[in-house]
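Trainee: sequence and computational prediction follow.
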Amino acid sequence: MTDRRHEAVRSEGAGSRWWARAAFLFAFSTAAVPLLWAGLTSTVGVLLVSVGAVVITTAALYRVLASRGVLRWISFAIVLIAPLSMLIVFIRADLLAAVMSVCGLALLTVFCARAALHRPLPDRTISAPAVKAERPFVLMNPRSGGGKVAKFDLQRKAEDLGAEVVLLEGPTTVDVTALARDAVERGADLLGVAGGDGTQALVASVAAERGVPFVVISAGTRNHFAMDLGLDRTDPSLCLDALRDGVDVPVDLGRINGRPFVNNASFGVYAEIVRSPAYREDKAGTVLSAIPDLLAEHAGSRLTARFGGVQVTGPQAVLVSNNPYGTGDLAGLSRRVRLDLGILGVVTLSVANTRQAVGLLRRAKVRGLTQHTTAEVVIEADTVEVPVGVDGETLMLTSPVRCTIEPGVLRVRLPRDLPTPRPAEPPIDWVRLSQLARRRGKDATHGP
C-alpha cells in the first residue's frame, strides 16, 4: 500500500511539473506571436499600443474602485473602450488572426496553469453510519432565501420524515437558542435549521452543547456553511435526506466573545458594509459603494489584530474564519476545503496605494493582503464598541474582541450519498508555477 501511494504521489508531482512547463511555453507564445506576426517594422507600434492600453485600463480600473458617481461611470467606460480600441488597431493592421491566436494561447496558458496548481480536496472525515433520529426537531424561517421554505415545500417534506417543524414567523425577534434547548429538553435527538447562517450558528451551538447531531438545510440566501459542507444549494429539500439516511462528520465551531459562528467574523470596512441597511437588498451595489472608503482613510475604528505572536496595526479590514479559506482570494470568501482542522483563518487587508488596490482586485499576492492560521485572535479598537459582521449579520461588540475555536464539538449529519464537493479553482501563482517547472525527478514529489 505504501509503495502504491508513493508511486501515485510521484506521478502527480511529475504531472504538475509538465503542466507548469506547458503553461510557461504557452505564456511565452502568447507574448511572442503578435510580435512575430507583425514583423520587425511593426513591433514597436504593437508594443506601444499594447502597453498603452494596459496602462490606461489599469488606471481607469483603479478610478472605478476609488471614485463614486459620474467619475466612476466614466472610468468604467474607459475600462471597456481601451481594450476595444487596441483590438480595432490590431484589426486595421491586419493582425486579427494574431489576436485570435493570442486568445487561444492565453486560454491554454490558464488551463495548463490551473492543471499544474490543482490539488484534490482532502478526504472528508466521516464517522460510523448514523442511527436514524427518532424525534428530529427543525426550525424553519419562511422569509429566508426569498421564501425557499414554501417554494420547496420543506415543512411538509420534513414532517413526512417524522420531524417536528417550528416556523419562525411574525415580526418579533424569536429566541432560537431557547427554542432549540427546549426541544432537546422535550426529547429531541436531532436539531436542524432551514435558514440563514446566523440562525444556523445559534442552533448549532445548542446541538454541540447538548451532544445531538445537527442538520443544515440550505434555505438561506448565501448558504456559505452549506456550500463548504458540500450540500446542494439549488435544492434545499435534498438536505432532508440526512433525516432518512445520513452520516455524521465532526465540524469545528468558532466563538467570538462567547457567541458562536460557523463561517466568519469580519471587522473594519467589510463589517461596515454588512451593517448597511441596503446590504441585504443589494449586496453587490453596497460593496461597490463602500470600496472608496477602503482605498481612502477609513473613518471607522482603528483596529489592531494580534494572533500567534503576530501584530497587525491599522488594517482596514480583518476576517476571522472558522477554518481557513483558500489562499489567493481577495477577502478569503471562496471556500474552505476542511471544517475540522481545529484552527482559525485570519485575513488582514491594508491598501496604501494604487498598485496594491488593483493587485487585490486581480487577486494577486501583494503586501496589503496577509493570511494566517491560529487558535486565537484578539482584535482591539480605539473605540469602546466595534461593529462586527458575524455570519453576515452585524453586531456591536465591546473591545477587545476575542475569537477562538472549539475543535470537533459539532456533529453535522449529512446525506449518505452526498457527492464530493468540487474544489475551488486555484489562483494562478507564477512563483509557485516556476518552482514546479524547475523540479526534476524525485524533487517533483515534494510539495512546499
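Mentor: Nice, thanks for sending it over.
Trainee: for the biggest strand by length in the chain, packing partners?
Mentor: Longest among the strand segments of the chain by residue count, using DSSP state E, is strand 401-415. Here strand 401-415 touches helix 197-210, strand 214-217, helix 241-244, strand 246-256, strand 264-268, strand 344-349, strand 376-381, going by 3 or more CB pairs under 8 Å, 6 or more residues apart in numbering; DSSP states H and E. Just so you know, the C-beta spots here come from the backbone N, C-alpha and C atoms, and that holds for glycine as well.
Trainee: next, the angle strand 344-349 makes with that strand.
Mentor: Inter-element angle recorded for strand 401-415 and strand 344-349: 120 degrees (by axes from the mean of the first three to the mean of the last three CA atoms, to 10 degrees).
Trainee: just want the angle from strand 401-415 to strand 246-256.
Mentor: Going by the same axes, to 10 degrees, strand 401-415 makes 170 degrees with strand 246-256.
Trainee: in the next helix or strand after strand 401-415, what counts as buried?
Mentor: Counting by DSSP states H and E, the next helix or strand C-terminal to strand 401-415 is helix 430-438. By neighbour count on 16 or more other CB atoms under 10 Å, the buried set for helix 430-438 is Arg432, Leu433, Leu436, Ala437.
Trainee: closest to Ala115 out of the helices and strands packed on strand 401-415?
Mentor: strand 344-349 (25.9 Å; CB to CB).
Trainee: paired strands for the closest one, with orientation please.
Mentor: strand 317-322 (antiparallel), strand 369-374 (antiparallel) (DSSP bridges).
Trainee: what's it in contact with?
Mentor: 254, 268-269, 294, 305, 307, 312, 315-325, 331-332, 336, 360, 368-377, 403-405 (CB atoms under 8 Å, 6 or more residues apart in numbering).
Trainee: before we move on, the earlier item: closest to Leu96 among the buried residues of helix 430-438?
Mentor: Among the buried residues of helix 430-438, and counting by CB to CB, the member closest to Leu96 is Leu433, at 30.1 Å.
Trainee: in contact with the closest one, which residues?
Mentor: Neighbours of Leu433 in contact, by CB under 8 Å, 6+ apart: Ala20, Ala23, Phe24, Ala113, Ala116, Leu117.
Trainee: surely Ala305 is in contact with Pro315?
Mentor: Yes. Contact status for Ala305 versus Pro315: in contact at 6.3 Å, counting by CB atoms under 8 Å.
Trainee: how about the contacts made by Ile379?
Mentor: Taking CB under 8 Å, 6+ apart as the test, what Ile379 contacts is Phe267, Leu303, Thr304, Ala305, Arg306, Val318, Val320, Val386, Ser399, Pro400, Val401, Cys403.
Trainee: hmm, back to that, wait, which of the helices and strands packed on strand 401-415 is closest to Ala60?
Mentor: strand 344-349 (22.5 Å).
Trainee: give me the spatial nearest neighbour of Leu229, chain neighbours excluded.
Mentor: Val216 (6.1 Å; CB to CB, 6 or more residues apart in numbering).
Trainee: report the contact partners of that neighbour.
Mentor: Gly192, Val193, Gln200, Phe225, Ala226, Leu229, Leu231, Cys239, Val412.
Trainee: beta-bridge partners for the second one, please?
Mentor: Note on Val193: beta-bridge partners Leu139, Val216, judged by DSSP bridges.
Trainee: coming back round to it: of the helices and strands packed on strand 401-415, which approaches Asp175 most closely?
Mentor: Taking the helices and strands packed on strand 401-415 one by one with CB to CB, helix 197-210 is closest: 8.9 Å.
Trainee: now the closest one and strand 401-415, what's the angle there?
Mentor: Using the same axes, to 10 degrees: helix 197-210 against strand 401-415 is 80 degrees.
Trainee: same for helix 197-210, what does it pack against?
Mentor: helix 176-185, strand 190-194, strand 214-217, helix 224-229, strand 246-256, strand 259-261, strand 401-415.
Trainee: the stretch 51-200 of the chain: strands as residue ranges?
Mentor: 136-140, 164-167, 190-194 (DSSP state E, counting those that start in this stretch).
Trainee: deepest of the ones you listed, which one?
Mentor: Burial of these is given as mean neighbour count (mean count of other CB atoms under 10 Å); strand 190-194 ranks first at a mean of 28.
Trainee: send the alpha carbons of that strand over as PDB?
Mentor: C-alpha atoms of strand 190-194 as PDB (Å, rounded to 0.1, in the frame of the first residue of the first chain):
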ATOM      1  CA  LEU A 190     -31.600  15.900  16.400                       C
ATOM      2  CA  LEU A 191     -31.700  19.600  15.600                       C
ATOM      3  CA  GLY A 192     -32.000  21.200  12.200                       C
ATOM      4  CA  VAL A 193     -32.300  24.600  10.600                       C
ATOM      5  CA  ALA A 194     -33.600  25.900   7.300                       C
END
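Trainee: quick thing: my sequence starts at 383, can you match it?
Mentor: Happy to do that; since the first residue is 383 now, the last one works out to strand 572-576.
Trainee: helices or strands up against that strand?
Mentor: strand 518-522, helix 536-542, helix 558-567, helix 579-592, strand 596-599.
Trainee: how about a cut-off of 7 Å?
Mentor: strand 518-522, helix 579-592, strand 596-599 (3 or more CB pairs under 7 Å, 6 or more residues apart in numbering; DSSP states H and E).
Trainee: how about the CA coordinates for the last one, as CSV?
Mentor: This means strand 596-599. What follows is strand 596-599 as a C-alpha-only set of coordinates in CSV (Å, rounded to 0.1, in the frame of the first residue of the first chain):
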residue,chain,number,x,y,z
PHE,A,596,-27.2,18.9,13.6
VAL,A,597,-28.7,19.1,10.1
VAL,A,598,-28.1,22.0,7.8
ILE,A,599,-30.8,22.8,5.3
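Trainee: give me the mean pLDDT for it.
Mentor: Mean per-residue pLDDT for strand 596-599: 96.
Trainee: same check, this time on stretch 776-786
Mentor: 93.
Trainee: which of the residues in that stretch are buried?
Mentor: Thr776, Leu777, Leu779, Ser781, Val783, Cys785, Thr786.
Trainee: between the two ends of that stretch, how far is it?
Mentor: From its first residue to its last, stretch 776-786 covers 19 Å (CA to CA, to the nearest Å).
Trainee: got the buried residues of helix 812-820 as TSV, with pLDDT columns?
Mentor: Formatted as TSV, these follow (pLDDT from 0 to 100):
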residue	pLDDT
Arg814	71
Leu815	76
Leu818	79
Ala819	78
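Trainee: and of these, the nearest to Lys530?
Mentor: Nearest member of the buried residues of helix 812-820 to Lys530, counting by CB to CB, is Arg814, at 39.7 Å.
Trainee: right, and that closest one touches Leu499 too?
Mentor: Yes. Applying CB atoms under 7 Å, one finds Arg814 in contact with Leu499, separated by 6.3 Å.
Trainee: any stretches of the stretch 483-632 of the chain with poor pLDDT?
Mentor: 500-510, 552-555 (pLDDT under 70).
Trainee: let's see 50
Mentor: Within the stretch 483-632 of the chain, not a single segment meets pLDDT under 50.
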